[in-house]
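Novice: Pasting a predicted model and its sequence here:
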Amino acid sequence: MPKLKRRVTKAVFPVAGLGTRFLPATKSVPKEIMTLVDRPLIQYAIDEAREAGIKEFIFVTSRGKSALEDYFDHAPELENALRKKGNDELLKTLKSTNMDSGAIAYIRQHKPMGLGHAVWCARRLIGNEPFAVMLPDDVIAAETPCLKQMTDAYQETGGSMVATMEVPRDMTSSYGILDVEDANRELATVKGMVEKPAVADAPSNLAVIGRYIITPDVLNTLHRQKSGAGGEVQLTDAIAAEIGEGRPVHALRFKGQRFDCGSKAGFLQATVSFALARAELQDEFSSYLRDMAPLIRVAE
């Protein structure tokens, strides 16, 4: 039996972005606090991380993110009000958003220098351990949470790992794109990675999405602050360097549906999908959508 790898118990959440695609809402509300049905985007990511065994949560933030920090704090007045009203169900829901003292940490990224730089900012809290990186913009509906699928696979492979999915060929210039062995396998060995290649140069249509498991060796590469696509420090470049050093990198075709909540269309699609999955909303909301179908056809 192969020796088990060290478990992944830390996760980095890069949330320093300004969310300009959602202005004017994000003028005062961090994008990560915007809600799908009745839970903010960040809560979906936190719940997924917890299911995967994450115990320490590291947020890389920027100015104007105080509402994000307050969200995970205790709210004694609100809890007392719910307790007095006997609303135990809402009280339970509220308490599930609280984070224990010491479980969560906040690091500032003072300049927007890319995802790789954001991860590097958390290096002192990561130490010499494998860790996860989760982008809250990517919300994934799955029977087994995506990161849990990855941590299970990591126990077999070690090394770094990225979540991947197929995208239309004409969209490859918007993603990190993989060159893999055994492209049809659920868990494939990565031969190369390129960030936002021209469509003609893309080695495949397998895109990296916002879930990573990373070895501390990657931090050494990020420390060089080498700029990549867009003049930013790219995380995919640092992971690709692992391959050149002879260390394993794997790609997992996760089971589930990914929603790009960094775009308005993706956010709306996720809202509809998650609302239809809620038993208490399903009948009323699906009836509304059926009534809207003729109007949609007319608009087309």
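Specialist: Structure's in. What do you need? Just so you know, these numbers come straight off a predicted model, no measurement behind them.

Novice: Could you pull up the contacting residues of residue 10?
Specialist: 54, 55, 56, 57, 58, 125, 126, 129, 131, 132 (C-beta atoms under 8 Å, 6 or more residues apart in numbering). Yep, even glycine has a C-beta here, placed from its N, CA and C like the rest.

Novice: so what's the first one closest to, chain neighbours aside?
Specialist: The shortest distance from residue 54 to any non-neighbouring residue, by C-beta to C-beta, 6 or more residues apart in numbering, is to residue 11 (4.5 Å).

Novice: Repeat that for the third one.
Specialist: For residue 56, ignoring the flanking residues on the chain, the nearest one in space by C-beta to C-beta, 6+ apart is residue 10 at 4.5 Å.

Novice: The fourth one too?
Specialist: Residue nearest to residue 57 in three dimensions, not counting chain neighbours: residue 104, with 4.6 Å by C-beta to C-beta, 6+ apart.

Novice: gap between the two ends of stretch 124-142?
Specialist: Start and end residues of stretch 124-142 are separated by 32 Å (C-alpha to C-alpha, to the nearest Å).

Novice: Measure how far it is from the centre of its chain, please.
Specialist: 7 Å (C-alpha atoms, centre = their mean, to the nearest Å).

Novice: now stretch 168-180
Specialist: On the basis of C-alpha atoms, centre = their mean, stretch 168-180 is displaced by 18 Å from the centre of the chain it belongs to.

Novice: and the host helix or strand of residue 265, what's its mean pLDDT?
Specialist: Element membership of residue 265 [criterion: DSSP states H and E] is helix 264-276. The pLDDT scores in helix 264-276 average 95.

Novice: contacting residues around residue 8?
Specialist: Going by C-beta under 8 Å, 6+ apart, residue 8 touches 52, 53, 54, 129, 130, 131, 132, 151, 154, 213.

Novice: Those residues: which two are farthest apart?
Specialist: Taking C-beta to C-beta, the two most distant members of the contacts of residue 8 are 52 and 129; they sit 14.7 Å apart.

Novice: Which residue of these two possesses the greater neighbour count?
Specialist: More neighbours surround residue 52 than the other of residue 52 and residue 129, with 25 against 15 (other C-beta atoms under 10 Å).

Novice: My read is that that one contacts residue 142, right?
Specialist: No - at 11.5 Å, residue 52 does not count as touching residue 142 under the criterion of C-beta atoms under 8 Å.

Novice: Start from the N-terminal end of the stretch 51-200 of the chain and give the helices.
Specialist: For the stretch 51-200 of the chain, the helices defined by DSSP state H, counting those that start in this stretch cover 66-71, 76-84, 88-95, 115-121, 123-126, 146-157.

Novice: by contact count, what packs against the fourth one?
Specialist: When you say that, I think you mean helix 115-121. On a contact count with 3 or more C-beta pairs under 8 Å, 6 or more residues apart in numbering; DSSP states H and E, helix 115-121 meets strand 10-14, strand 56-61, helix 217-222, helix 235-244.

Novice: Quickly compare these and say which is most buried.
Specialist: Burial of those is given as mean neighbour count (mean count of other C-beta atoms under 10 Å); strand 10-14 ranks first at a mean of 25.

Novice: quick one, that one and strand 56-61 angle?
Specialist: 20 degrees (axes from the mean of the first three to the mean of the last three C-alpha atoms, to 10 degrees).

Novice: let's have the chain start at 92 instead
Specialist: Fine by me, first position is 92 from now on; the one you just mentioned is strand 101-105.

Novice: tell me the angle of strand 101-105 relative to helix 237-248?
Specialist: 130 degrees.
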